[in-house]
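next come a sequence and a model predicted from it.
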Amino acid sequence: NAGVTQTPKFRILKIGQSMTLQCTQDMNHNYMYWYRQDPGMGLKLIYYSVGAGITDKGEVPNGYNVSRSTTEDFPLRLELAAPSQTSVYFCASSSGLPRETQYFGPGTRLLVL
Amino acid sequence: AQSVTQLGSHVSVSEGALVLLRCNYSSSVPPYLFWYVQYPNQGLQLLLKYTSAATLVKGINGFEAEFKKSETSFHLTKPSAHMSDAAEYFCAVSVSTGANSKLTFGKGITLSVRP
């Protein structure tokens, strides 16, 4: 039982490049989330999904896209990378009930130069 | 909308001293409250959570928190700090307002433990 896995662990992008951050969970959770973490700012929700084929915007969705074709996978796409997207990205999953724990992946550190 | 306030960004204690990390929340409906811990270069893991049962909640590694509705607080405590407690701690709130469940995080507090 691996929980939530994320790849890559670290990536350097040039301005204008694109990339996909991968996230996979093996807990059969319906809900999945993408957050970004910036120093002193806590975690901000980028996008979330309540099941395969259903996604919705979070607090800071601009510059990102997501898709959810399976229960297990929830990739985050960065188009036209900008320095403001330098951050640590975390994927999480849960059963969806408000009282239930969200389980987090180890994170992807992204540097845009 | 719900929100969380964690005052201060850094707390430093001596090994063996009391740890107190403060969290206040704002919510128009009964909240569920969480404390997550993040060790260096790792993801977040649950420390403890309040889900409207007992107001005093015990978590992993000797931490506990008390839900006080009158003070809208959910402060995290540990009687005796250990070096391994050095990490960043996040308070978060979730409410039941329909089909979608989302966590709102505070800005986090970094705990340092001095030998």
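Looks like it came in fine. Residues are numbered from 1 along each chain as shown, chains lettered A, B, ... in the order given.

need the contact list for the closest residue to B:K102 other than its chain neighbours.
The spatial neighbour of B:K102 that comes closest, neighbours along the chain excluded (CB to CB, 6 or more residues apart in numbering or on different chains), is A:L45 at 6.3 Å. No exception for glycine: its C-beta is placed from N, CA and C like everyone else's. Remark: with contacts taken as CB atoms under 8 Å, 6 or more residues apart in numbering or on different chains, A:L45 is in contact with A:33-35, A:58-60, B:102-103.

partner residues bridging A:L45?
Taking DSSP bridges, one obtains A:Y35 as the residues bridged to A:L45.

that one and A:I12, how far apart?
A:L45 is 25 Å from A:I12, where distance means CB to CB, to the nearest Å.

and the strands in chain A?
Assigned by DSSP state E, chain A shows strands spanning A:4-7, A:10-13, A:19-25, A:31-37, A:43-51, A:54-57, A:64-66, A:76-78, A:87-94, A:103-104, A:108-112.

which residues touch the spatially most central residue of chain B?
Nearest residue to the geometric centre of chain B (CA atoms, centre = their mean): B:W35, 3.2 Å. Contacts here follow CB under 8 Å, 6+ apart; on that basis B:W35 touches B:21, B:23, B:46-49, B:59, B:63, B:65, B:74, B:76, B:89-92.

verify the contact between B:L56 and B:K68 for me.
No - with contact defined as CB atoms under 8 Å, B:L56 does not reach B:K68; the gap is 10.1 Å.

please say which of these two ends up with more neighbours.
B:K68 (12 against 9; other CB atoms under 10 Å in any protein chain shown).

I'd say the more buried one and B:Y50 touch.
No - between B:K68 and B:Y50 there is no contact under CB under 8 Å: 10.4 Å.

list residues touching both of these two?
Counting by CB under 8 Å, 6+ apart, the shared contacts of B:K68 and B:Y50 are B:F74.

and the furthest pair within the contacts of A:L45?
Greatest spatial distance among the contacts of A:L45 (CB to CB): A:V60 and B:L103, at 14.4 Å.

who's more crowded, the two?
Neighbour tally, A:V60 and B:L103, criterion other CB under 10 Å: the higher count belongs to B:L103, 24 against 16.

state the distance from the more buried one to B:V4.
The span separating B:L103 from B:V4 equals 9 Å under the rule CB to CB.

what do you get for A:Y33?
If you go by CB to CB, the gap between A:Y33 and B:V4 works out to 17 Å.

tell me which of the contacts of B:W35 is nearest to chain A?
Using CB to the nearest CB, B:L46 comes nearest to chain A of these, at 4.9 Å.

I'd say the closest one and A:E100 touch.
No - if you go by CB under 8 Å, B:L46 and A:E100 don't touch, sitting 10.1 Å apart.

what's the closest non-adjacent residue to A:S18?
Looking at A:S18 with CB to CB, 6+ apart, the closest residue is A:E79, at 5.2 Å.

where does the one you found land on pLDDT?
With respect to pLDDT, A:E79 scores 89.

state the number of residues packed around it.
For A:E79, the count of nearby residues is 13 (other CB under 10 Å).

and what of the one 10 residues further on?
For A:Y89, the tally of surrounding residues (other CB under 10 Å) stands at 22.
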